[in-house]
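# structure for this input, please:
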Amino acid sequence: MNNDPANAALKELRQRLNQVDEEIVRLLAKRLDTVGLIAKEKAGSTQAIRDPEREREVLARVETLAQSLGLSAPLARKIFSEIISYSVSRQVASLAGIEGERTEVAVAFQGSSLTYNNLAAEQYLASQGLRGRFVGLPTLKQVIDSLASGAADLAFLPIENTVAGSINQVYDVLREQDLHIVGEESYRVELCLAATADVPASALRRILSHPLALDQCSAFVAALPQAHAVPFLDTREAMRAVAEARDPTLAAIGSPEAAAAHELRILSRNVGNQDEILMRYVALARAPISVDVRVPCKTSLILSTRHEKGALLRCLHVLAEYGLSMTKLESRPRPNRPWEYMFFIDFEGNVAQERAALALEALRSEALYLKILGCYPAKATPAEAQTTTLPEASEVTIAPPEAPPATPSAGRTVPGQPVVRASKHYRLADRATHPEDTVIRVGSLLIGGTGFVVIAGPCSVESEDQINRTALFVREQGAHILRGGVFKPRTGPYSFQGLGRDGLDLLAAAGKAAGLPIITEVMTIDQVHPVAEKADILQIGARNMQNFPLLSAVGKVDRPVLLKRGLSSTIEEWLAAAEYILAQGNGQVILCERGIRTFESATRNTLDLSAVVVLRERTHLPIVVDPSHGTGKRPYVAPMAWAARACGAHGVSIEVHPEPDKALSDGDQSLDFPEFKALMEGLSRVRV
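Residues are numbered from 1 along each chain as shown. Coordinates of the predicted model:
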């Protein structure tokens with residue numbers, strides 16, 4: 001058998017693969033050596049650590065190269081995004097004097113080896129260019145005691161989770177102990193189900209894991225027919241217990257690394273309640289660190305407010321006044337002070353910078369108690385916000401309408417000016433209440449303000465191939481958001497009604513593969529939460545603009561809402577409909593002009609671009625235009641899209657289909673790929 005020529009050929013190919021892998025590792029080491037030289041050059045200058053433009057150029061270049069070699073561009077982007085992030089961490093560590101400072105760092109964490117706490121600690125130290133000696137301890141108290149006594153250099157603790165939320169015991173430690181946050185790490189938690197043999201889920205009776213891990217995959221465990229959850233000391237020990245029991249009805253949830261260490265079979269991967277579960281960790285030390293002002297920093301603090309009306313608001317106003325962006329606000333009961341609270345706050349800023357120092361000084365005069373927990377290099381932050389710009393072009397410049405003058409907030413007076421009152425029908429949407437433009441963040445995109453966003457995709461999701469092809473193409477042309485209907489409101493009952501939740505899964509997968517956020521319509525209240533779990537923006541169609549129960553339902557979820565104008569609705573009625581969403585607490589409303597019904601029959605609807613100008617005057621909400629529905633005819637879509645940008649819209653929504661003549665819905669108004677490319681080139685030539 002060993003002399004089989006096929007086996008010999010396979011062995012040779014695997015050896016070649018090993019050589020390639022070794023070369024990849026050597027090249028990574030060579031790249032990091034160069035990164036180290038760059039860090040030394042920056043150390044003697046005032047140049048910023050991060051260069052977003054340079055990072056975008058690198059990612060664009062490797063994507064182009066990957067495509068030319070027949071590789072996956074999203075995969076190349078993902079790999080190089082990780083490499084760039086790691087490289088930046090090494091530069092930050094070098095400037096902070098951390099890299100190479102000690103030959104070995106003793107790190108204490110709660111749990112045993114190959115638990116998530118251990119794996120995250122290893123990731124953190126590697127990003128600092130340090131070697132670690134990792135000490136797993138059974139309890140949080142023992143971890144803190146080891147740091148306080150000097151037995152450990154760092155304590156590495158989980159502080160919050162994107163599923164389970166904040167970990168209160170760690171906040172108590174920060175409040176009670178004289179320790180300092182010197183770093184943070186964001187770690188992706190991969191939860192897998194493992195057992196001693198490949199058995200069907202119906203055969204499992206007990207699932208062992210740490211309580212937090214069980215909480216993060218509660219939906220998966222609940223769906224197992226006969227099994228029940230058993231809390232365990234930690235995920236590694238749960239894996240060990242399953243391996244030693246040799247019981248095929250027993251399984252554990254933990255890391256793939258722990259499963260492999262105990263020679264367990266992985267039955268299911270990614271069993272968490274969310275597609276991506278991230279854990280934020282903090283590194284604690286006995287003394288604070290000082291960080292170079294060029295390094296993006298985060299400052300954490302605790303404050304207790306005075307028992308006065310508006311006390312917390314005045315404290316938060318201090319941060320805004322000094323231009324500091326708050327990234328976290330958490331309240332905790334004050335010990336032995338019933339119904340009084342202290343607040344944990346994170347903001348982006350370095351205490352060595354003048355504005356941060358002045359803000360902290362002002363906070364001390366406002367707060368009853370203030371404790372700075374640490375100033376440290378920021379890692380666990382949202383992706384860099386992208387303004388939704390279009391490619392440069394040197395063509396005709398079209399002057400935009402003049403921006404409406406800022407007006408004072410409702411009820412406030414300005415010397416020499418009359419009091420401005422907000423509309424009684426749409427107070428929250430009125431510019432009199434909020435003079436500045438609202439800018440809505442969707443992932444790393446900004447909608448509103450000075451940006452221009454392009455939403456593109458088919459009227460309906462029809463198949464996996466159709467939506468995937470469209471997603472990749474519109475992204476290549478510069479579109480920012482992928483659209484696609486899955487629940488379709490059709491005039492006739494025999495028309496294609498959409499693929500429903502299967503279509504939603506296809507749309508979500510296509511958006512993820514292309515790196516685009518997705519938008520789709522909800523038609524009923526029971527669709528809101530399931531769709532919001534997967535879609536980045538919810539759309540309310542023209543027929544539902546005054547479906548007030550539905551408007552209230554989307555107002556209660558934390559998702560941006562694109563509200564289309566009704567077929568025969570006035571601007572006043574449209575803004576009043578938006579108010580229903582805003583009044584429920586969701587301020588992320590985008591208005592969409594899609595044409596109104598008039599006596600004119602040359603187009604499907606009459607696209608009312610004057611509404612954009614009127615809305616820019618009356619409301620602070622972003623406005624996009626849908627020329628596809630507004631005209632209903634393919635040749636008219638591009639000119640009206642260009643006109644929409646010229647008149648001041650914040651974006652357009654365009655229907656695109658690989659083969660419009662074969663589309664199951666609205667083929668007459670859908671652009672094919674060359675037509676969409678021409679539209680995007682024209683948009684780039686419009687100057688505003």
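# how long is stretch 562-576 from one end to the other?
14 Å (C-alpha to C-alpha, to the nearest Å).
# check stretch 589-604 too.
26 Å.
# any idea how far that stretch is from the middle of the chain?
33 Å (C-alpha atoms, centre = their mean, to the nearest Å).
# do you know how far Asn118 is from Ile144?
17 Å (C-beta to C-beta, to the nearest Å). For every residue, glycine as well, the C-beta is placed using N, CA and C.
# looking at the two, which one has more neighbours?
Higher neighbour count among Asn118 and Ile144: Asn118, with 25 against 22, using other C-beta atoms under 10 Å.
# tell me where the stretch 101-250 of the chain has strands.
105-110, 132-137, 154-161, 165-166, 180-189, 192-195, 206-209, 228-231, 250-254 (DSSP state E, counting those that start in this stretch).
# which one of these lies closest to Ile519?
strand 180-189 (25.7 Å; C-beta to C-beta).
# name every strand pairing with that closest one and say which way it goes.
Next to strand 180-189 in the sheet, as set by DSSP bridges, lie strand 277-285 (antiparallel).
# and the next element down the chain from the partner strand?
strand 297-305 (DSSP states H and E).
# any buried residues in the following helix or strand past that next one, and which?
Next along the chain after strand 297-305, taking DSSP H and E as the criterion, comes helix 311-321. For helix 311-321, a neighbour-count test (16 or more other C-beta atoms under 10 Å) marks Ala311, Leu312, Arg314, Cys315, Leu316, Val318, Leu319 as buried.
# show me the contact partners of helix 311-321.
303, 305, 325-326, 329, 343, 345, 347, 359, 362-363, 366-367 (C-beta atoms under 8 Å, 6 or more residues apart in numbering).
# repeat the analysis, applying 10 Å as the threshold.
Applying C-beta atoms under 10 Å, 6 or more residues apart in numbering, the contact partners of helix 311-321 are 303-306, 308, 310, 324-326, 329, 331, 341, 343, 345, 347-349, 355-356, 358-368, 370.
# mind exporting the C-alpha coordinates of that helix to CSV?
Output in CSV follows, covering the C-alpha atoms of helix 311-321 (Å, rounded to 0.1, in the frame of the first residue of the first chain):
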residue,chain,number,x,y,z
ALA,A,311,-26.1,66.4,36.6
LEU,A,312,-25.2,63.5,34.2
LEU,A,313,-26.1,65.5,31.2
ARG,A,314,-23.7,68.3,32.3
CYS,A,315,-20.9,65.8,32.6
LEU,A,316,-21.5,64.3,29.2
HIS,A,317,-21.8,67.8,27.7
VAL,A,318,-18.2,68.4,28.9
LEU,A,319,-17.0,65.6,26.6
ALA,A,320,-18.9,67.0,23.7
GLU,A,321,-17.7,70.5,24.4
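# correct me if wrong: Glu184 contacts Gln123.
No. Assessed by C-beta atoms under 10 Å, Glu184 is found out of contact with Gln123, at 11.7 Å.
# for Ile518, see how far away Ala73 is.
Counting by C-beta to C-beta, the gap from Ala73 to Ile518 is 18 Å.
# list the contacts of the closest residue to Ser463 other than its chain neighbours.
Nearest residue to Ser463, sequence neighbours excluded (C-beta to C-beta, 6 or more residues apart in numbering): Leu506, at 7.6 Å. Shown in contact with Leu506 (C-beta under 10 Å, 6+ apart): Val461, Glu462, Ser463, Glu464, Asp465, Gln466, Ile467, Asn468, Ala471, Gly484, Val486, Leu499.
# so for whatever helix or strand Leu506 lives in, mean pLDDT?
Assigned by DSSP H and E, Leu506 belongs to helix 501-514. Averaged over helix 501-514, pLDDT sits at 94.
# which of the contacts of Leu506 tops the neighbour count?
That'd be Gly484 among the contacts of Leu506, by other C-beta under 10 Å, with 31 neighbours.
# test my guess that that residue contacts Glu464.
No. If you go by C-beta under 10 Å, Gly484 and Glu464 don't touch, sitting 11.8 Å apart.
# okay, Tyr6: pLDDT?
Tyr isn't right for residue 6; it's Ala. 67.
# touching, Glu600 and Gly630? I think so.
No. The pair Glu600 and Gly630 does not pass the contact test of C-beta under 10 Å, sitting 11.9 Å apart.
# overlap of the contact sets of the two?
Thr606.
# show me which of these two is the more surrounded one.
Comparing Glu600 with Gly630 by other C-beta under 10 Å, the one with more neighbours is Gly630, at 29 against 8.
# for the stretch 1-150 of the chain, give me the ranges with low pLDDT.
1-3, 5-6, 43-46, 93-103 (pLDDT under 70).
# returning to that earlier point: closest one to Pro530 among the strands of the stretch 101-250 of the chain?
Nearest to Pro530, of the strands of the stretch 101-250 of the chain and by C-beta to C-beta, is strand 165-166 at 21.7 Å.
# now the closest one: mean pLDDT?
85.
# who does it pair up with?
strand 154-161 (antiparallel).
# still on that earlier bit, overlap of the contact sets of Gly484 and Glu464?
In contact with both Gly484 and Glu464: Gly503, Leu506, Ala510, using C-beta under 10 Å, 6+ apart.
# and which of those is nearest Ala194?
Checking the shared contacts of Gly484 and Glu464 one by one against Ala194 (C-beta to C-beta), the nearest turns out to be Leu506, at 30.0 Å.
# gap between the closest one and Pro627?
Relative to Pro627, and taking C-beta to C-beta, Leu506 is found at 26 Å.
# Glu330 contacts Phe343, doesn't it?
Yes. Between Glu330 and Phe343 there is a contact at 6.9 Å, judged by C-beta under 10 Å.
# what do these two both touch?
What both Glu330 and Phe343 touch, as defined by C-beta under 10 Å, 6+ apart, is the set Ile302.
# returning to what we had before: minimum pLDDT in the buried residues of helix 311-321, which residue is that?
Lowest confidence among those: Ala311, with 85.
# can you tell me how far it is from Asn161?
Counting by C-beta to C-beta, the gap from Ala311 to Asn161 is 30 Å.
# more neighbours: which of Glu184 and Gln123?
More neighbours surround Glu184 than the other of Glu184 and Gln123, with 21 against 16 (other C-beta under 10 Å).
# so what's that one bridging to?
Val282.
# next up, the contacts around it.
124, 159, 280-283, 298, 300, 346, 374, 376-381.
# and the nearest residue to Pro296 once chain neighbours are set aside, how many neighbours?
Of all residues not flanking Pro296 in the chain, Ala378 sits nearest, at 4.9 Å (C-beta to C-beta, 6+ apart). Ala378 has 20 neighbours, counted by other C-beta under 10 Å.
# Ala378 reaches Asp346, doesn't it?
Yes. Shown here, Ala378 and Asp346 form a contact pair, counting by C-beta under 10 Å, at 9.0 Å.
# and for these two, which residues touch both?
With C-beta under 10 Å, 6+ apart, Ala378 and Asp346 have common neighbours Glu184, Lys298, Thr299, Thr327.
# and which of those residues is nearest Ala663?
Thr327 (43.5 Å).
# how about the secondary structure of that closest one?
What DSSP: H, G, I helix; E, B strand; the rest coil gives for Thr327 is strand.
# the residue nearest to it when sequence neighbours are not counted in helix, strand or coil?
In space, and not counting its chain neighbours, Thr327 is closest to Asp346: 4.7 Å by C-beta to C-beta, 6+ apart. Classification of Asp346 using three-state DSSP returns strand.
# show me where the stretch 401-550 of the chain has strands.
Under DSSP E, counting those that start in this stretch, the stretch 401-550 of the chain gives strands at 440-442, 445-447, 453-457, 481-483, 518-521, 537-540.
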